[in-house]
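K.L.:
Could you look at this predicted model? Sequence included:
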Amino acid sequence: MYVSARSDYALRAMLAVAAGTGGDGDVGGGELVKAASLAEVQDIPLSFLQGILLDLRRAGLLHSHRGADGGYALTRSADEITVGDVLRAVGGTLTTVRGLPAERASYHGVAAGLTDVWLAVHGAIATVVDSTTLANLLTDAPTTS
C-alpha cells in the first residue's frame, strides 16, 4: 500500500472536520469548518485541498454549506466513518499491483502464488483501515496543551 499525499491530506482534513476545528486541536463540537482554515492549519495547498474536499463530498462523507458562514461538516458521525472510507474516496482501491487492483493481478507458472500473497496483503490492509474510525483516531490522539 502506498499512502499518497492526497490520501494523507484527506485523512487530516476529515479528522479536523470531525473535531469541528481547522485542525489546531481546539475541538468545537461539529461546527462548520472552512476550507481555507483547513488548508492553513494543516499546511495543505488550498487548491489541492479543494479537489480533495470535492471527492469527499461526492463520496458522501462531507457536505458543504455555501456563504459567509459556510464550510464543511461530516455527513455521518465520526464513529461511522472509517479510514478505509476516506482512502477509497480519494484513491480508489486500497492495494494495487502494477497500477491494477490486487484482485486483477494474475501470474503464470512459478509466480502463480503471488496472486494469493497480494490478496492477503489487501485483506490485511482492509481489516486495519476498515476497523479504524475517525472517532478512534480522535480519541487516541495526544492532547496538546
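P.N.:
Structure's in. What do you need? Bear in mind the structure is a predicted one, so any value in this text is a computation, not a measurement.

K.L.:
need the contact list for the closest residue to residue 96 other than its chain neighbours.
P.N.:
Leaving out its chain neighbours, the residue that sits closest to residue 96 by Cβ to Cβ, 6 or more residues apart in numbering is residue 102, at 6.8 Å. The way it works is simple: take the backbone N, C-alpha and C, and place the C-beta from them, glycine included. If a contact means Cβ atoms under 8 Å, 6 or more residues apart in numbering, then residue 102 has 93, 95, 96, 118, 119, 121, 122 as its contacts.

K.L.:
Out of these, which end up buried?
P.N.:
Neighbour counting over the contacts of residue 102 (16 or more other Cβ atoms under 10 Å) leaves 95, 96, 118, 122 as the buried ones.

K.L.:
where does residue 73 fall, phi/psi-wise?
P.N.:
Here the main-chain torsion angles of residue 73 (degrees, to the nearest 10) amount to phi -140, psi 160.

K.L.:
Angles on the backbone of residue 65, please.
P.N.:
With angles defined as degrees, to the nearest 10, residue 65 sits at phi -120, psi 130.
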